[in-house]
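S.K.: predicted model and sequence follow; I will ask about them next.
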Amino acid sequence: GPDDYLHRLISTRWGRLLGGIRFYGRDVSRPFVEIVAHSFDDLDRLCDCVAEEWTMFAPRAMRLHAAPAGLRHPRVVLDKTIHAARCREIRVSAPQVTLEPFTRIEEALSLVAARYRELTPDLARNVAPAGADDLRRWHATGHLHAMCARASVVGVLAVAPGHIGWIDGEEILEEVVDAAHGGHGYAVHAQAFWAAHLSPDRDRYLIGTI
């Protein structure tokens, strides 16, 4: 029922947890439980609690937030890393890499679509491109940028105010480098250019995920 999809606060003799059902890549055949917070000392007991509480979804995994190397268990795998730095702390960009507005939004749409078409099947199951409506909105609000290197457009960078978990900052919403121009560090230099020249407040965090 609809209420089954809501977050739940569960108390047991071994600990408490707050979590909710999610679907990896929005694929209903890949259910998992997002653990927002918990007080369990034993990860196996937490797994057992989650499996029992959300049994109607038959979740295959649960996802937790942790410090780097903070979770050690034979069944733990890394799903996503979160990166943050104050804009003033980010190293200076290479002079040949700049960010410019796209003259035509269609160029950005084409670059993003082409790059995601070239992903390996396994990676394509787990990541999805920004939608066309989002790209158009970011273009209209000045948050979408063309990565330029040696007078050529080599990729797309979209940055706007946002948050990842509890970290507020300027969030990298999309970052694509054309496959033909990969391997030169253009994405890193584009981030540095944004932090140095386009950030509205250099004390704000630039945040993103891999």
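M.R.: That came in fine, so what should we check first?
S.K.: what's the helix or strand hosting residue 194 in contact with?
M.R.: Residue 194 belongs to helix 186-197 when assigned by DSSP states H and E. Contact partners of helix 186-197, identified using CB atoms under 8 Å, 6 or more residues apart in numbering, comprise 85, 87-88, 90-94, 97-99, 145, 147, 149, 154-155, 157, 159, 172, 175, 177, 202, 206, 208. Heads up, the C-betas are built off the backbone N, CA and C, glycines and all.
S.K.: let's see it as PDB, backbone CA atoms only.
M.R.: Below are the C-alpha coordinates for helix 186-197, written out as PDB (Å, rounded to 0.1, in the frame of the first residue of the first chain):
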ATOM      1  CA  TYR A 186      39.300  18.700 -18.300                       C
ATOM      2  CA  ALA A 187      36.600  18.000 -15.800                       C
ATOM      3  CA  VAL A 188      38.900  18.800 -12.800                       C
ATOM      4  CA  HIS A 189      40.100  22.000 -14.500                       C
ATOM      5  CA  ALA A 190      36.600  23.000 -15.300                       C
ATOM      6  CA  GLN A 191      35.600  22.600 -11.600                       C
ATOM      7  CA  ALA A 192      38.600  24.700 -10.600                       C
ATOM      8  CA  PHE A 193      37.700  27.400 -13.200                       C
ATOM      9  CA  TRP A 194      34.100  27.500 -11.800                       C
ATOM     10  CA  ALA A 195      35.400  27.800  -8.200                       C
ATOM     11  CA  ALA A 196      37.800  30.600  -9.100                       C
ATOM     12  CA  HIS A 197      35.600  32.700 -11.500                       C
END
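S.K.: okay, angle between the helix or strand just after it and helix 186-197 too, please.
M.R.: Sequence-wise, the next helix or strand downstream of helix 186-197 (DSSP H and E) is strand 205-209. Angle, strand 205-209 to helix 186-197, by axes from the mean of the first three to the mean of the last three CA atoms, to 10 degrees: 160 degrees.
S.K.: list the strands paired with the lengthiest strand in the chain, with their directions.
M.R.: Scanning the chain for the longest strand, with DSSP state E as the assignment, gives strand 152-164. With DSSP bridges as the test, strand 152-164 is paired with strand 144-149 (antiparallel), strand 167-177 (antiparallel).
S.K.: coming back round to it: in PyMOL, select just the buried ones from the contacts of helix 186-197.
M.R.: Filtering the contacts of helix 186-197 down to the buried ones (16 or more other CB atoms under 10 Å) takes a single PyMOL command:
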select buried, resi 87+90+93+94+97+98+99+145+147+149+154+155+157+159+172+175+177+206+208
